[in-house]
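**Student:** give the three-dimensional model of this entry:
(2 chains)
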Amino acid sequence: SQKIEQNSEALNIQEGKTATLTCNYTNYSPAYLQWYRQDPGRGPVFLLLIRENEKEKRKERLKVTFDTTLKQSLFHITASQPADSATYLCALDQGSGGYNKLIFGAGTRLAVHP
Amino acid sequence: DTAVSQTPKYLVTQMGNDKSIKCEQNLGHDTMYWYKQDSKKFLKIMFSYNNKELIINETVPNRFSPKSPDKAHLNLHINSLELGDSAVYFCASSQEGLVEQYFGPGTRLTVT
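**Tutor:** Numbers count the residues shown, from 1 in each chain, chains lettered A, B, ... in the order given. The predicted structure follows:
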């Protein structure tokens, strides 16, 4: 079955710097990969999706890369702000028959300090 | 204008009791899900319904029984609660043909 590894240790960075989070997966390569943000006491919120034929995807200060050879996705937040502090989850689809079945990583907690 | 809502937000109960969690989405989505997030923060899918039909049923004890009265609602009933059932349960929904999921605020279940 698919396994997803995210750095379980918290990532602490200074405001204004770029945060880079890593998602590694094993076994088969998914057709797409998603990133979600989760704040304490709240449900995950969808941020970005990148497909296997896309090398990079951007949305405002967010950038996601997808390397199917390395079986890795990198999630970047440029010009980070304290409001970006949250846990970021990587998710892959292991569904079939046209139905989605997301498998989530444990998430990486990001703390942006003023 | 809440998209995916769950009730209750918190649920504290004793072992052996039966409880239900309710979920509603007003996004017009066709598919709804139940996830369990344990103390280690792993978010694991339990069930998925598409247009009231069960399509994903992970290895979940049969004490857990989902029910979808219509495509906007997905409830979760848990019988004979155990200590290990303590977790946060999230409901989510998605539109058929799209892959991003929209999550509810979660229900924190504590079994004592």
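**Student:** what is the neighbour count of whatever residue of chain B ends up closest to chain A?
**Tutor:** Nearest to chain A in chain B, going by CB to the nearest CB, is B:Phe103, at a distance of 3.2 Å. Every residue, glycine included, has its C-beta placed from N, CA and C. Taking other CB atoms under 10 Å in any protein chain shown as the neighbour definition, B:Phe103 ends up with a count of 22.
**Student:** what residues does chain A put near chain B?
**Tutor:** A:32, A:34, A:41-46, A:49, A:87, A:89, A:93, A:95, A:97, A:99-104, A:106-107 (CB under 8 Å from any CB of the partner chain).
**Student:** hmm, back to that, bridging residues for the residue of chain B closest to chain A?
**Tutor:** Beta-bridge pairing for B:Phe103 (DSSP bridges): B:Ala92.
**Student:** hmm, it is touching B:Val4, no?
**Tutor:** Yes: using CB atoms under 8 Å as the test, B:Phe103 is close enough to B:Val4 to be in contact (6.2 Å).
**Student:** what sits in contact with each of these two?
**Tutor:** With contacts defined as CB atoms under 8 Å, 6 or more residues apart in numbering or on different chains, the residues adjacent to both B:Phe103 and B:Val4 are A:Gly43, B:Cys91, B:Ala92.
**Student:** ok, the residues you listed vs A:Tyr25, which is closest?
**Tutor:** In terms of CB to CB, no member of the shared contacts of B:Phe103 and B:Val4 lies closer to A:Tyr25 than B:Ala92, at 20.7 Å.
**Student:** which residues sit in contact with the closest one?
**Tutor:** Contacts of B:Ala92 were listed using CB under 8 Å, 6+ apart, and they are A:Gly43, B:Val4, B:Met32, B:Tyr33, B:Trp34, B:Tyr35, B:Gln101, B:Tyr102, B:Phe103, B:Gly104.
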